[in-house]
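J.: how would this look folded up:
(chains A and B)
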Amino acid sequence: MRFDNLVDSVGNTPLVGLPTLSPSPDVRLWAKLEDHNPTGSIKDRAALAMIERAEAEGLLTPGCTILEPTSGNTGISLAMVSSLRGYKLICVMPENTSEERRQLLHMWGAEIISSSAVGGSNEAVRVAKALAAEHPDWVMLYQYGNPANAEAHYRGTAPEIFADLPTITHFVGGLGTTGTLMGVGRFFREHKPDVKIVAAEPRYGELVYGLRNLDEGFVPELYDESFIDSRFSVGPRDAVRRVRELISAEGIFAGISTGAILHAALAQAKRSHDAGERADIVFIVADGGWKYLSTGAYEGTLDEAEDRLEGQIWA
Amino acid sequence: MAIDVRIPTILRPYTGGERSVDGNGSTVSAVIDDLEGRFAGIRERLVDEAGGVRRFVNIYVNDEDIRFTGGLDTTVADGATIVILPAVAGG
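T.: Numbering: from 1, shown residues only, chains lettered A, B, ... in the order given. Alright, predicted model coming up:
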């Protein structure tokens, strides 16, 4: 494959079968390897789509400053595209995210404003919205409400999967901005409505939920629950256990959030197998494990890994 | 055997600081009624005026979001775990 530049190589990622973890030849698991994108995560798709839409609408011109609340991957993707297109990027990121993410953002030239660990990404969103109000010349792409985020998956991720595996029965993705699930969900509702859309949502330590009252909760503006069929909450212990299984059984080295997604995918595989139903279950490998080595999730016992992840935003 | 209900930090003033309480009932709604009997006011924080789960509250039975399994009418078996969490951002 040949491309004129790096951003042209975003997407068209491999779909890889999991012969060991699949319960039978009739119930098969398939991994969509989004770590093959240029900065190593699925967020390259959304970042590129949001920037190109803003350019097309005339909001972004060379020299502009982009502002974005992000726990890491979206910021890294935006930083890469921004550095090639001549934008300055400021990321608002919770302080309880991994050190690798900070170093990578700096390498691609982004500036980081840290938000308090308490409240996690909710707090980053709040701080970014306040900064946007103070600096009307900055362009906040706002991944939680930008339709181009979901559109990237409606136009890219989903049709790629459908072309590679027309027999798909289930899609399992992570729930963060909800962009992946909204885009893929809408595509299959229109093109193969019997495909079940399953959401895996990371469950963090209590610090991250430390809100003052329930009215300060956050549901992304993109979220439309009619595009999904079930939603599972997965804690760090199951996520770490599964991410280790993925590397030992199938040789795939994935980030911790992928462990949470695989946990939901394996639960679905077991249900289909027990019911005697054929299934082709596609799940997302959102990124590789490289950025999370310093969290300690990949060594020692599960108890130790769980303790180390307490209070961290690991997805 | 009872149902284990996990209470988020912000609702612990209702449970005397307890992070986990036992509940009884065959549906989520019945368990919440049972809790309300001992922890007055907690139901109103979880259920809205229309009788659904509040917008910024997520309730899971054995890790599955009840909005996709019948809402407050979702059945719960003895020994089940109910987790209540505020909605947070990801990404």
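
J.: Whether the longest helix along chain A contacts chain B - can you check?
T.: Secondary structure of chain A per DSSP state H: the longest helix is helix A:256-274. No: for helix A:256-274, no contact with chain B is found by Cβ under 8 Å from any Cβ of the partner chain; the gap never falls below 8.5 Å. The way it works is simple: take the backbone N, C-alpha and C, and place the C-beta from them, glycine included.

J.: Could you list the buried residues of that helix?
T.: A:256-269, A:272-273 (16 or more other Cβ atoms under 10 Å in any protein chain shown).

J.: now do stretch A:228-244
T.: Those would be A:228, A:230-244, for stretch A:228-244 by 16+ other Cβ under 10 Å.

J.: Might you report the residue contacts of residue 14?
T.: If you meant another chain, say so; for now it's chain A. Residues in contact with A:P14, defined by Cβ atoms under 8 Å, 6 or more residues apart in numbering or on different chains, are A:32-33, A:36.

J.: Sorry, I should have been clearer: chain B.
T.: Contacts for B:Y14 (Cβ under 8 Å, 6+ apart) come out as B:7, B:39-42, B:45.

J.: show me where chain B has strands.
T.: Assigned by DSSP state E, the strands in chain B fall at B:3-6, B:20-23, B:57-61, B:64-65, B:81-86.

J.: Closest to A:L48 out of the buried residues of helix A:256-274?
T.: A:S257 (20.3 Å; Cβ to Cβ).

J.: who in chain B is up against chain A?
T.: Residues of chain B lying close to chain A by Cβ under 8 Å from any Cβ are B:8-11, B:45, B:54-58, B:60, B:63-65, B:67-69, B:83, B:85-91.

J.: Can you say which of those residues are buried?
T.: B:8, B:10-11, B:45, B:54, B:56-58, B:60, B:63-65, B:67-69, B:83, B:85-91.

J.: Can you give me the distance of A:E100 to A:D287?
T.: Plainly put, A:E100 is 11 Å away from A:D287 if you go by Cβ to Cβ, to the nearest Å.

J.: When these two are compared, which one has more neighbours?
T.: Each of A:E100 and A:D287 has its neighbours counted (other Cβ atoms under 10 Å in any protein chain shown); A:D287 has more, 26 against 16.

J.: residue contacts, that one?
T.: By Cβ under 8 Å, 6+ apart, the contact set of A:D287 is A:34-35, A:40-42, A:73, A:254-255, A:257-258.

J.: Kindly report the same for B:D63.
T.: Each residue near B:D63 by Cβ under 8 Å, 6+ apart is listed here: A:232-234, B:81, B:83.

J.: Kindly report the same for B:V61.
T.: So B:V61 contacts B:28, B:69, B:74, B:76, B:80-82 (Cβ under 8 Å, 6+ apart).

J.: And for A:I197?
T.: With Cβ under 8 Å, 6+ apart, A:I197 has these contacts: A:170-171, A:173, A:181, A:184-185, A:188, A:227-229.

J.: try A:L293
T.: A:E100.

J.: and it, which of the three is it?
T.: Put simply, A:L293 is helix when judged by DSSP: H, G, I helix; E, B strand; the rest coil.

J.: do you know how far it is from A:R308?
T.: Distance, A:L293 to A:R308, using Cβ to Cβ: 12 Å.

J.: and the angle for the helix or strand containing A:A132 with strand B:81-86?
T.: Assessed by DSSP states H and E, A:A132 sits inside helix A:120-134. Orientation note: helix A:120-134 sits at an angle of 10 degrees relative to strand B:81-86 (axes from the mean of the first three to the mean of the last three Cα atoms, to 10 degrees).

J.: what helices or strands is helix A:120-134 leaning on?
T.: Contacts defined by 3 or more Cβ pairs under 8 Å, 6 or more residues apart in numbering or on different chains; DSSP states H and E place helix A:120-134 against strand A:65-69, strand A:88-94, strand A:111-115, strand A:139-140.

J.: for those strands, which one sits closest to chain B?
T.: Among these, the nearest to chain B by Cβ to the nearest Cβ is strand A:65-69 (7.8 Å).
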